[in-house]
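Trainee: no letters, just coordinates:
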């Protein structure tokens, strides 16, 4: 009995080492969204092109992606090509959220690089982005048919991310 | 050719370290003197090889040899030569080489200054150090070799050193910190050697104490240099952020401080040997854990510079082997050690024990706070942050209690202290410090601030009792000589702590910070000072461009200083950094950091941060005094005595 | 005899602890610097009518974590997101929101991660209780160490 206390430091260390082992498999910089399982907050914002204002109703009825982008974000360029491929997926709508950007620049960007988006919400001051808990660009939300946020991907959507993470999730959501 | 030779040197050192870790230790079991004596030559050879390898890497940096991958990623031909030299330890591979190089220096130093010790003990100690060296050399050679080449297509120029690191503070911060981290390996090796040999006694404590003190001094210096560097370089006037990387260096410091005090108890009273051995093991283990936390990128930190998770696995395995094995050895061998002492509550033993408990508690609290987000994440719970508000809340009360005890220690005596004497003296001192702590700040600011009152009274309490104890011991000033160096060291270090506390409290509570917008020619008032913004001009440096502002500071219509804060844009790394301008004196810092130009740009308006930081220098000054106390204790006659004997032997 | 002294030290310690805890939550005293601060309002990036509100702004912004820079508070960071969050906190304070309301607003959007002072709940209970626990165990050890009549004690 008396000797057990001398093993205590060893036991504590083993426990900590196990946590270190688990921690090494994870990326500490990835912060999951606080909005998972919650509906998209109500909004009414101008579209980047056209006069029709956009509201949170657009997410109802179809599984959709909401992609946060800006012309000042270099990784968004690389991502854009991937989005143009993805847009052909059946039963999927991609919406864009233009984040703290210059309107003309953003319009030119769409014209030059092609438009993967059904519509683009124009958020000049980043207020909607703040409601969505966006802290950088690019970020991509996966939203189900009822308009509920199910997943958020931080960083560019690469072909690998699409195949392994987003596509399986979208298929699952389409069957719900 | 030279990098290949350096590579060869690393492998040669690995084999030397392997022999060092096996041969002398086996010799102690088989009783072979020759094998044990071999340890010293091996330690010297190891140090020599690593020194050469290190110089070769430094030469690669100086000569801009971009065919070496590590140089190409961390240097640039435009980088000034002194930063090129520091870039050697600017990233992962090089800092590990520095780590193991410093370890070999400590090993060689132990070999050199241990002639008065029994040969078997020396052999064991050097073997244990050899084992640590093997682990780190394997790590360097397998996963992080700084001498890898980029052949045949090497870049014409390098990717430059991280701009945050291009600062004089960095020239000495990492080597000092590492000297401290690595230095605790000696205390660790002594404890392990004593456990293996079954000789955990007062002699063991006396042998390892100077080494522990030296390592502690280096670690303290490393920490305050880091603090000073962050204060100037990060541009928001903070000097301690409770960042995981800072905590990683603070954890071994807390336990190391406990260890120094515990060694005194073991040395003087032959008491608490098992506890002291555990602290010795813990101190070095926490140094290793700290290195792991910084190097593996497992935690989020402001300045995790050189991060690679894939290397984390190797380090974790190494950690488990070293710490796991030593704690197992500890649990297995330790109850062979028994003590018979008795003491009463107001004895010095008990106060030192309290100090140990509290410092260990502080360590556990900081450790838990640092690792808690990791625990939550590993368990799949929500991600949380544990930041400065938490640490301040839990650490300050603990620190206050430590200071309460610290005041009493100098008056106490071993075994038992006359309570009557103590209570009378202490109540006078308590009253005195409370009174001064109330009056002094009130006279200056005309405001009663409970924090300032608390901090000042604790600091004054420590100073008053410490000074009083000197005079009590010596009766008059002439007899001050009677105090030995260890006592002087204690007095100096404790007063250093008190000054540091005063600095912390006054800076935290009376600082003024302003985030403002100024047009050229405009004046703003911060505290008693007028800051006149003259304007901004363009700036071109060796590897950066930028803007240089000019701010004239006046007090009572008299110009006292011209501050020239800069914003630098480092062209290779594409990173903008503020370079702060500080006017410092003993009682306050005036600190200006340039922000960004504001619209409309034609007007020339800039945003900037201006700080008035009273007594901030006292924090580092107090810490320097602590280090000085450590150095004084190192100069104690008992240790010099050994050096004297050593000289005779070598003659 | 030893018990009395023990109690004395314990009382002093507890006093300092409670005093410091109380001081932490009490922002009602006004810093001399803040009074002077209010003078040149026009130059300030975040001007406030009252020093108390100014103080509250500083308290909130130093306790919120900037998410892009990973380990700086939004008060200290130069990142654009930190500026947006400062603006939001400033706007909400000017419109009469309380400290808790502002914090909850941001937690709803960015998660508990944004709080540098973790909330007290089931998953952080260990974090908050642990320091007290460690302290109590430490005192208990000290207490028993001296209580033990050590004539034949073999303390290791």
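Mentor: That came through fine. Please read all numbers here as calculations on a predicted model, not as lab measurements. Numbers count the residues shown, from 1 in each chain, chains lettered A, B, ... in the order given.
Trainee: quick one: stretch B:318-338 to chain centroid distance?
Mentor: Using CA atoms, centre = their mean, to the nearest Å, the mean C-alpha position of stretch B:318-338 is found 26 Å from that of the whole chain.
Trainee: identify the residues contacting that stretch?
Mentor: The contact list for stretch B:318-338, computed with CB atoms under 8 Å, 6 or more residues apart in numbering or on different chains, reads A:2-3, A:6-7, A:9-10, A:13-14, A:17, A:20, B:131-132, B:135-136, B:139, B:188, B:192, B:195-196, B:198, B:200, B:273-274, B:277-278, B:281, B:285, B:288-289, B:292, C:154, C:156. Using the backbone N, CA and C atoms, a C-beta is placed for each residue, glycine as well.
Trainee: switch the cut-off to 7 Å
Mentor: A:3, A:6-7, A:9-10, A:13, A:17, B:132, B:135, B:139, B:192, B:195, B:198, B:200, B:273-274, B:277-278, B:281, B:285, B:288-289, B:292, C:154, C:156 (CB atoms under 7 Å, 6 or more residues apart in numbering or on different chains).
Trainee: list buried residues within the residues you listed.
Mentor: Taking 16 or more other CB atoms under 10 Å in any protein chain shown as the criterion, what is buried in these is A:6, A:9-10, A:13, A:17, B:132, B:135, B:139, B:192, B:195, B:200, B:273-274, B:277-278, B:281, B:285, B:288-289, B:292, C:156.
Trainee: which single residue in chain C comes nearest to chain A?
Mentor: Proximity of chain C to chain A (CB to the nearest CB) peaks at residue C:111, 3.6 Å away.
Trainee: who's in contact with that residue?
Mentor: The contact partners of residue C:111, taken as CB under 7 Å, 6+ apart, are A:31, A:34, B:382-383.
Trainee: dump these into a markdown table; add distance to residue A:168 and neighbour count as well.
Mentor: Putting the contacts of residue C:111 into a markdown table (distance: CB to CB, whole Å; neighbours: other CB atoms under 10 Å in any protein chain shown) gives the following:
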| residue | distance to residue A:168 | neighbour count |
| --- | --- | --- |
| A:31 | 22 | 21 |
| A:34 | 23 | 22 |
| B:382 | 24 | 15 |
| B:383 | 24 | 18 |
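Trainee: between those residues, which is nearest residue B:550?
Mentor: For those, the minimum distance to residue B:550 (CB to CB) is 40.9 Å, reached by residue A:31.
Trainee: does the closest one touch residue C:65 like I think?
Mentor: No - the pair residue A:31 and residue C:65 fails to qualify as a contact (CB atoms under 7 Å) at a distance of 9.9 Å.
Trainee: shared neighbours of the two, which are they?
Mentor: By CB under 7 Å, 6+ apart, residue A:31 and residue C:65 have these common neighbours: residue C:113.
Trainee: if I've got this straight, residue B:77 is in a helix?
Mentor: No - under DSSP: H, G, I helix; E, B strand; the rest coil, residue B:77 falls outside any helix and is assigned coil.
Trainee: next up, the contacts around it.
Mentor: Residues in contact with residue B:77 (CB under 7 Å, 6+ apart) are B:64, B:157.
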